[in-house]
Each structure stands twice: as C-alpha cells, then as structure tokens.
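>>> based on what follows, work out the 3D shape:
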Amino acid sequence: MSTGKVLIGVLAGVAAGALLGVLFAPDKGSETRKKILKKGSDTADDLKDKFDELVNSLTEKFEAAKEEATELYEQGKSKAEEIKKDVKTAMH
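A predicted model of the protein is given here:
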C-alpha cells in the first residue's frame, strides 16, 4: 500500500473520531456546530499541510533522479566518445 493512501486513511480516521467526539459531547447545538466547523477547518488544514509535504517530497525525489539521470547521460556520452576515438585510432 502506498504511503499516500495510508496517510489519507489515517487522517480520515482522525477526522471521523474528532467528529464523533464532538457530536457526542453534551453541548448546545450551536456550540456543537461551532466545534464541528473548527474541527473541519483544522482537519482541512492538516490535510493540506500533509499534501504539501508529500508534493515537496516527491518534487525533491524527482529532481534528484533527474540530476542523476543527467550525470549518467553525460558519463555515457563521454565514454562513447572515448570508445569512438579508440576505434578510429585502432583503424588507422
């Protein structure tokens, strides 16, 4: 299972637990609605933060892989040029 799916599942469970806790609390309806709105807002902020962290992590990994691929390409290109020179030298 991917990390993203696990993270979403955990956050959904936390949100559901918080909502149930607020709904079963012995408060007035208006207070309960305020708490639900606050919890919903807090959960949305947490989800946004986690999503941003995931995107940043993936971006960093992509950039590192891109740099490594560029280095490997340059090394391969250099090696191919060396072999080409060696072949030309050997043929003359």
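
>>> just checking, what packs against the helix or strand where E53 lies?
Assigned by DSSP states H and E, E53 belongs to helix 29-91. Counting contacts by 3 or more Cβ pairs under 8 Å, 6 or more residues apart in numbering; DSSP states H and E, helix 29-91 is packed against helix 3-23. Glycine gets a C-beta too; all of them are placed from N, C-alpha and C.

>>> residues in contact with the helix it packs on: which ones?
Under the contact criterion Cβ atoms under 8 Å, 6 or more residues apart in numbering, helix 3-23 has outside partners 32, 35-36, 39-40, 43, 46-47, 50, 54.

>>> tell me the centre residue of the protein?
For the chain, the residue nearest the mean C-alpha position is L54 (1.9 Å; Cα atoms, centre = their mean).

>>> pLDDT score for that one?
At L54, the predicted lDDT confidence score is 88.

>>> could you measure from it over to G40?
In this view, L54 and G40 are 21 Å apart by Cβ to Cβ, to the nearest Å.

>>> what is the neighbour count of K61?
By the criterion of other Cβ atoms under 10 Å, K61 has 10 neighbours.

>>> scratch that, V14 is what I was asking about
V14: 14 neighbours (other Cβ under 10 Å).

>>> distance to L19 for the contacts of helix 3-23 - can I get that in TSV?
What follows is the contacts of helix 3-23, written out as TSV (distance: Cβ to Cβ, whole Å):
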residue	distance to L19
T32	10
K35	9
I36	7
K39	6
G40	8
T43	9
D46	14
L47	14
K50	18
L54	23
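
>>> which one among those residues gets closest to E82?
Distance to E82, by Cβ to Cβ, is smallest for L54 among those, at 42.2 Å.

>>> which residue, other than its chain neighbours, is closest to that closest one?
Counting by Cβ to Cβ, 6 or more residues apart in numbering, L54 lies nearest to G4, which is 6.0 Å off, once chain neighbours are set aside.

>>> and A16, how close does it get to K35?
For A16, the distance to K35 - Cβ to Cβ - is 15 Å.

>>> tabulate the CA atom coordinates of the lowest-mean-pLDDT helix or strand in the chain in PDB.
Among the helices and strands of the chain, helix 3-23 carries the lowest confidence by mean pLDDT, DSSP states H and E, at a mean of 78. C-alpha atoms of helix 3-23 as PDB (Å, rounded to 0.1, in the frame of the first residue of the first chain):
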ATOM      1  CA  THR A   3       2.300   6.000   1.700                       C
ATOM      2  CA  GLY A   4      -0.200   8.500   0.400                       C
ATOM      3  CA  LYS A   5      -3.100   6.100   0.800                       C
ATOM      4  CA  VAL A   6      -2.000   5.200   4.300                       C
ATOM      5  CA  LEU A   7      -1.700   8.900   5.200                       C
ATOM      6  CA  ILE A   8      -5.200   9.700   3.800                       C
ATOM      7  CA  GLY A   9      -6.700   6.700   5.700                       C
ATOM      8  CA  VAL A  10      -5.100   7.800   9.000                       C
ATOM      9  CA  LEU A  11      -6.200  11.400   8.600                       C
ATOM     10  CA  ALA A  12      -9.700  10.300   7.600                       C
ATOM     11  CA  GLY A  13      -9.900   8.200  10.800                       C
ATOM     12  CA  VAL A  14      -8.700  11.000  12.900                       C
ATOM     13  CA  ALA A  15     -11.300  13.400  11.400                       C
ATOM     14  CA  ALA A  16     -14.100  10.800  11.900                       C
ATOM     15  CA  GLY A  17     -13.000  10.300  15.500                       C
ATOM     16  CA  ALA A  18     -12.900  14.000  16.200                       C
ATOM     17  CA  LEU A  19     -16.300  14.500  14.600                       C
ATOM     18  CA  LEU A  20     -17.900  11.700  16.700                       C
ATOM     19  CA  GLY A  21     -16.300  13.100  19.800                       C
ATOM     20  CA  VAL A  22     -17.800  16.500  19.200                       C
ATOM     21  CA  LEU A  23     -21.200  15.000  18.300                       C
END
